[in-house]
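Participant: Just the structure for this:
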Amino acid sequence: MAETPRAGSLRRVTHVTEAPLGGVVSYLDELVGAQLRSLPDVHIDLLTPEINREALADLSGPRFTLIAFRHRRSRSPMALLSMAMQTLRHVRRTRPDILHIHSTFAGAAIRVLAPLFPKETQVIYCPHGWAFSRQGSRRSQAVIGAVERWLATSSDRIVCISDYERREAAAFGIPEDRLVVIENGISPRGAAGQPEPDPRSTPAVPDRRPGRRLIAFAGRFDRQKGFDTFLEVMRRLEDEADGIAIGSSITSKEALPDCPPNVQILGWQDRTAVFDLYRRADLLLVPSRWEGFGLVAAEAMQAGLAVFASRVGGLQDIVVDGDTGRLFQPDDVDGIVALIRAASDADLVRFGRNGHRRYLARYTAERMSKDMTALYNRLVNENTGR
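Facilitator: Presented below is the predicted three-dimensional model:
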């Protein structure tokens, strides 16, 4: 006979996302990994597209279940409908205390079914960057904002991954009593059980050409992440720097622009390889056009790497201009090139050291997991007391 759970005790958490690879998957790798370490008595389920299985391979244990969606195009209408129905069946069968939904498409497809969920299941939604904050027409932003306001009534809480995201939500009329800020975090070296790294003590790194800087890029090769801006910056610096890009194109069907000869494309890599790149590079360039948080910036700071980033979204909260790196306006290639040329080797070392201290103070996975667990327990206790 199964043990009857104590009233108000956290027993089961279900995470679900439709997002393929990229920042949301890195976030789940960190959050779920930290939860598995800190919540040994809680069963954790993760529903996610099949393409993410390899990236989440380190998540395992007797109280962890990964359920993969089979659709190749995870954001097609049929795939979203299938995901929503599979999630509904899973929730009604397992009756989790917390259903934690990640990313816009999953949030829309699943929250419309909230009236069918068991009454003990509390719904948490994390957009990982509001769709109405992306570049687009005012009309489309207004429509998306109206949909998010309506769906907010089906969310017990909405987790904002930066204070910028909270401010944007409030500006679009999403009820502030539903909003809570829990900033992203990463574990040492981006993986459980790996030792805490020491910040870089010298700008000279192995495997780079003498007299040239090594500039890193990590993320999807699409318009949001500003990959075209990265390539143009590297063209301008062809005689001064080399670039290494980790990632690939996911959302765009357009062919990638021609890469200049001083840029090497590595494709998607595991977290250890990304960390190794950050330890070798002189700076990480993050030329995003919009960003809910900017996890790659925190990852680089953890490795003691200077971050040069767009003054957009959550990146403005992570990077302290002139202290942990530099901020610039999106699409300002001339300005980016000027900032890189103006930064001395000593500046880059100082940025990296300060960034590492900022990571330790604000962006660890254990802090993120602790804050999230406190939210889970608060919701479970509130629901039990109704």
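Participant: where along the stretch 51-200 of the chain do the helices fall?
Facilitator: Under the criterion DSSP state H, counting those that start in this stretch, the stretch 51-200 of the chain carries helices at the ranges 77-94, 104-111, 138-152, 163-171.
Participant: For residue 179, find the nearest of those helices.
Facilitator: helix 163-171 (5.2 Å; CB to CB). No exception for glycine: its C-beta is placed from N, CA and C like everyone else's.
Participant: So which elements touch the closest one?
Facilitator: strand 157-160, strand 179-181, helix 315-318 (3 or more CB pairs under 8 Å, 6 or more residues apart in numbering; DSSP states H and E).
Participant: Would you format those as a markdown table with mean neighbour count, distance to residue 219 and mean pLDDT included?
Facilitator: Converted to a markdown table, these look like this (neighbours: other CB atoms under 10 Å; distance: least, CB to CB, whole Å; pLDDT from 0 to 100):
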| stretch | mean neighbour count | distance to residue 219 | mean pLDDT |
| --- | --- | --- | --- |
| strand 157-160 | 24 | 21 | 97 |
| strand 179-181 | 17 | 23 | 97 |
| helix 315-318 | 23 | 12 | 92 |
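Participant: Walk me through the domains of this structure.
Facilitator: Here the domain parsing of the chain from automatic domain parsing is 12-185+364-384, 213-362.
Participant: before we move on, back to that, now tabulate the helices and strands packed on helix 163-171 in CSV and tack on distance to residue 239.
Facilitator: Output for these, formatted as CSV (distance: least, CB to CB, whole Å):
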stretch, distance to residue 239
strand 157-160, 43
strand 179-181, 44
helix 315-318, 29
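Participant: circling back: most tightly packed of the domains of the chain?
Facilitator: domain 213-362 (a mean of 20; mean count of other CB atoms under 10 Å).
Participant: Format the helices of the stretch 51-200 of the chain as TSV; extra columns: mean pLDDT and distance to residue 371.
Facilitator: Below are the helices of the stretch 51-200 of the chain laid out as TSV (pLDDT from 0 to 100; distance: least, CB to CB, whole Å):
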stretch	mean pLDDT	distance to residue 371
helix 77-94	94	24
helix 104-111	95	20
helix 138-152	90	21
helix 163-171	92	14
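Participant: okay, these in JSON lines with distance to residue 61 next?
Facilitator: Formatted as JSON lines, the helices of the stretch 51-200 of the chain follow (distance: least, CB to CB, whole Å):
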{"stretch": "helix 77-94", "distance to residue 61": "17"}
{"stretch": "helix 104-111", "distance to residue 61": "24"}
{"stretch": "helix 138-152", "distance to residue 61": "32"}
{"stretch": "helix 163-171", "distance to residue 61": "31"}
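Participant: of all those, which lies closest to residue 228?
Facilitator: With CB to CB as the criterion, residue 228 lies closest to helix 138-152 of these, at 22.1 Å.
Participant: which helices and strands does the closest one pack with?
Facilitator: By 3+ CB pairs under 8 Å, 6+ apart, helix 138-152 packs against helix 104-111.
Participant: Any figure for the gap between the closest residue to residue 299 other than its chain neighbours and residue 53?
Facilitator: Counting by CB to CB, 6 or more residues apart in numbering, residue 299 lies nearest to residue 186, which is 5.6 Å off, once chain neighbours are set aside. Counting by CB to CB, to the nearest Å, the separation of residue 186 from residue 53 is 21 Å.
Participant: repeat for residue 245
Facilitator: 24 Å.
Participant: Also residue 328?
Facilitator: Distance, residue 328 to residue 53, by CB to CB: 37 Å.
Participant: same deal with residue 262?
Facilitator: Relative to residue 53, and taking CB to CB, residue 262 is found at 34 Å.
Participant: Then residue 228?
Facilitator: 30 Å.
Participant: can you check residue 375 too?
Facilitator: 27 Å.
Participant: Same check on residue 352?
Facilitator: Distance from residue 352 to residue 53, by CB to CB: 34 Å.
Participant: Please apply the same query to residue 234.
Facilitator: For residue 234 relative to residue 53 (CB to CB), the value is 33 Å.
Participant: Repeat that for residue 221.
Facilitator: Distance of residue 221 to residue 53, given as CB to CB: 22 Å.
Participant: Could you tell me the average pLDDT over the longest helix along the chain, please?
Facilitator: Longest helix in the chain by number of residues (criterion: DSSP state H): helix 365-384. Averaged over helix 365-384, pLDDT sits at 93.
Participant: Going by contacts, tell me the helices and strands next to that helix.
Facilitator: helix 23-38, strand 98-102, strand 122-126, strand 157-160.
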